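Participant: okay, sequence plus prediction incoming.
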There are 2 protein chains.
Amino acid sequence: MDYYKKRTLDFAKSFVLEGYTVAGPKENDGRYKGFFDFALEDDMFGQNTFERAERKMFEHAIEGAIAKANLDDVDVDAVIAGDLLNQIVSASFAAKKNHAGFLGIYNACATFVESLIIGSAMLNNGLENVVCAAGSHFSTAERQYRYPLELGVLRSPVTQWTATGVGATVLSNKQTGKLPRITRATLGRVIDYGVMDVNNMGAAMAPSACDTIVTFFRDTNTKPQDYDVIYTGDLGKLGSDILMDLTRQEGFDVSAQLHDCGASLYWDEQQTYQGGSGAACSALVFNSVLLGRIRRGEYKKILLAGTGALMSPTTSFQGDSIPAITHLVEVSA
Amino acid sequence: MDYYKKRTLDFAKSFVLEGYTVAGPKENDGRYKGFFDFALEDDMFGQNTFERAERKMFEHAIEGAIAKANLDDVDVDAVIAGDLLNQIVSASFAAKKNHAGFLGIYNACATFVESLIIGSAMLNNGLENVVCAAGSHFSTAERQYRYPLELGVLRSPVTQWTATGVGATVLSNKQTGKLPRITRATLGRVIDYGVMDVNNMGAAMAPSACDTIVTFFRDTNTKPQDYDVIYTGDLGKLGSDILMDLTRQEGFDVSAQLHDCGASLYWDEQQTYQGGSGAACSALVFNSVLLGRIRRGEYKKILLAGTGALMSPTTSFQGDSIPAITHLVEVSA
């Protein structure tokens, strides 16, 4: 692995005020049942299209996070958000509800961690409170990226299941009480190992996860043992195995710390095969599970590495392989 | 207009090292002929698809900007870029060529100014050099957002023409010599006045441009006369007229300073009707025209307001109106 420094940032004042999650019905039947702030009874959320349901999930998660943090809409300076739909319309349309500035972002399923990085950077430039959000919806993603749902296409055993959910985090530049902090981050670079199979995104993303995680360790002189857990976004089970092999080749054994948000979302009986994928995975697990464990003192220091596959249906049709990116944040109690 | 403070940022150290532009053949036949660093002979750029041509334009613009700034690829810490294609694949795939971190962003045609804002914020968080880039391609946008080119659909007189081009800017946290600076910025918020006509995006975007520009003046206690020029991104001729009316209602007369990157790109004989649109407009005009005038002392202080329409074909099919956003930067000599 070639190694260049300078992709790791220090954040002097990025405090995690609050997190809020809206989860789909299948997600709330999974391993984290009851962990979410709000669970949908069905994935239409009272709307007449799946896309509008996804948008409403964003509105609800952003509003919920602001309220849970005891803030008003006018206290929020910026919303930094993105989703998997073309032109990130779920996040953009939801942001109509806010008076805050809006920065639309897209790094596929790495979008949530990207939002935390950009949000933290904004706080060091004078903003006081920002909301960082990302999410996805199984039914909108399926019909946009793959096939019409009505076709009932058989799924390959290496596929993952796009999670339905939105997670939103309120970051503040002020320490009030004892808040978890985003202390450091490593920006991901775009890495393409030539994987062509859009049903095997874990394999496409694992080299990028390795690159960012190893770069973070080298930039900061840390090692896996310094962290309670290292959560990747949505490598899935197969992708996680590949990541463990790759990091071992670079001299870092992450097997004791490594977990994957996507792989941990569902029970085996839910037949998602490799686990969850989608921008929702890291947003859901960070805001409802990891944040709680940090606050309760179960974790002192963790790494969250959002993984994203950057292809589109058009690039796949035109014969391009799948580039991937992984952004990482260090969160300290 | 309701008015909330706190959307304006100060940047202590964001210096414009260099700008580079790649323009399409029609753009280089327009009013700025000869201003661009590189002009395509045809819009395929030696590739076998329009999408690959757009990607190559990004690669070329980013590489060109880095070289023109006398830097090497390894000197660049991050590329912050986006485009109009689904999943911003032009920017993402181009970033494979760089060792830098990559932050993918999307705010439609406001993406270039968004990239300058996020880039400037990153420089205040320890990064040394970043490349900010955005662009668009007539033929990829036309077939993705509208109709197959082969259909030869008649265009309405209120339409604009998606510009082909990519502009890239190298920002640095170090002042070397006398460099133009990005001094302040106002984040846009998402505003929707209920315009439904996807062929009249100037009307959809003008209220958002008014909101951001007036907010900047109020946040900073400045007025239009403090600036040599105020360039909007791609309101077009009709949209610019609406903007002048709207700002006048708020007590600011911008008629002497206002120009539009898109409207100024082409000659009337080129039959683009309202002028250019697309993420390329502000990226091309800033990097090849405005930057030069600032360096030569013709302008002391300017405002660049990137305007974006945030709809997608899916939201329009589902009956939603067009939300818009405008991000603004102040550039000082």
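Facilitator: Structure's in. What do you need?

Participant: what's downstream of the helix or strand where residue A:122 lies, the next helix or strand?
Facilitator: In the assignment (DSSP states H and E), residue A:122 maps to helix A:111-123. Using DSSP H and E, the next helix or strand after helix A:111-123 towards the C-terminus is strand A:129-136.

Participant: strands paired with that next one, and their directions?
Facilitator: Note on strand A:129-136: by DSSP bridges, its sheet partners are strand A:78-83 (parallel), strand A:165-172 (antiparallel).

Participant: if we can go back for a sec, taking strand A:165-172 as reference, get the angle to the helix holding residue A:122.
Facilitator: Angle, helix A:111-123 to strand A:165-172, by axes from the mean of the first three to the mean of the last three Cα atoms, to 10 degrees: 20 degrees.

Participant: pLDDT (mean, whole number) over helix A:111-123?
Facilitator: Averaged across helix A:111-123, pLDDT comes to 98.

Participant: quickly check: it near chain B or not.
Facilitator: Yes. Helix A:111-123 reaches chain B (Cβ under 8 Å from any Cβ of the partner chain) through A:114, A:117, A:118, A:120, A:121, A:122. Bear in mind the C-beta positions are built from the backbone N, C-alpha and C, glycine included.

Participant: and the residues you listed, which is closest to residue B:21?
Facilitator: Residue B:21 has its nearest neighbour among the residues of helix A:111-123 next to chain B in residue A:118, at 25.6 Å by Cβ to Cβ.

Participant: residues contacting whatever residue of the stretch 151-300 of chain A ends up closest to chain B?
Facilitator: Using Cβ to the nearest Cβ, the point where the stretch 151-300 of chain A gets nearest to chain B is residue A:187, with a distance of 2.6 Å. Applying Cβ atoms under 8 Å, 6 or more residues apart in numbering or on different chains, we find residue A:187 in contact with A:7, A:8, A:9, A:117, A:212, A:327, B:77, B:78, B:100, B:101, B:102, B:103.

Participant: swap in 10 Å and give it another go.
Facilitator: By Cβ atoms under 10 Å, 6 or more residues apart in numbering or on different chains, the residues touching residue A:187 are A:6-9, A:113-114, A:117, A:212, A:215, A:325-328, B:77-80, B:100-103, B:122, B:127.

Participant: give me the buried entries from those.
Facilitator: Using 16 or more other Cβ atoms under 10 Å in any protein chain shown as the burial test, the contacts of residue A:187 include A:6-9, A:113-114, A:117, A:212, A:215, A:325-328, B:77-80, B:100-103, B:122, B:127 as buried.

Participant: what residue spans form the domains of chain A?
Facilitator: Following the assignment in automatic domain parsing, chain A carries domains at A:8-172, A:181-332.

Participant: ok so, going back, which residue, other than its chain neighbours, is closest to the residue of the stretch 151-300 of chain A closest to chain B?
Facilitator: residue B:101 (2.6 Å; Cβ to Cβ, 6 or more residues apart in numbering or on different chains).

Participant: that neighbour against residue B:125, yeah?
Facilitator: No. Applying Cβ atoms under 10 Å, one finds residue B:101 not in contact with residue B:125, separated by 12.0 Å.

Participant: overlap in contacts, the two.
Facilitator: A:9, A:117, A:185.

Participant: output the below-cut-off pLDDT ranges for the stretch 201-333 of chain A.
Facilitator: Flagging of the stretch 201-333 of chain A using pLDDT under 70 yields an empty set of residue ranges.

Participant: residues of it that sit close to chain B?
Facilitator: A:212, A:215, A:308-315, A:317-321, A:323-325, A:327 (Cβ under 10 Å from any Cβ of the partner chain).

Participant: quick check: pLDDT value at residue A:176.
Facilitator: pLDDT, residue A:176: 86.

Participant: that one: how many residues sit nearby?
Facilitator: 9 (other Cβ atoms under 10 Å in any protein chain shown).

Participant: pull up the gap between it and residue B:12, please.
Facilitator: 26 Å (Cβ to Cβ, to the nearest Å).

Participant: quick one: residue A:239 and residue A:159 touch, right?
Facilitator: No. Taking contacts as Cβ under 10 Å, residue A:239 lies outside contact range of residue A:159: 11.8 Å.

Participant: between these two, which contacts overlap?
Facilitator: A:200, A:201, A:202, A:274, A:275, A:277.

Participant: what's the ChimeraX line that selects buried ones from the residues you listed?
Facilitator: The following ChimeraX line selects those of these that are buried, judged by 16+ other Cβ under 10 Å:
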select /A:200,201,202,274,275,277
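
Participant: next, give phi and psi for residue A:192.
Facilitator: phi -130, psi 110 (degrees, to the nearest 10).

Participant: just the pLDDT at it, thanks.
Facilitator: So, for residue A:192, pLDDT stands at 96.

Participant: circling back to that earlier point, out of the residues of the stretch 201-333 of chain A next to chain B, which sit inside helices?
Facilitator: The helices, defined by DSSP state H, take in A:212, A:215, A:313, A:314, A:315, A:317 from these.

Participant: before we move on, the earlier item: compare residue A:239 and residue A:159 (neighbour count), which wins?
Facilitator: Under the criterion of other Cβ under 10 Å, the comparison of residue A:239 against residue A:159 puts residue A:239 first, with 31 against 21.

Participant: A helix includes that one, no?
Facilitator: Yes. Judged by DSSP: H, G, I helix; E, B strand; the rest coil, residue A:239 forms part of a helix.

Participant: quick revisit: what's opposite the residue nearest to residue A:187 in the beta bridge?
Facilitator: Applying DSSP bridges, one finds that residue B:101 bridges with residue B:78.

Participant: no more questions from me, cheers.
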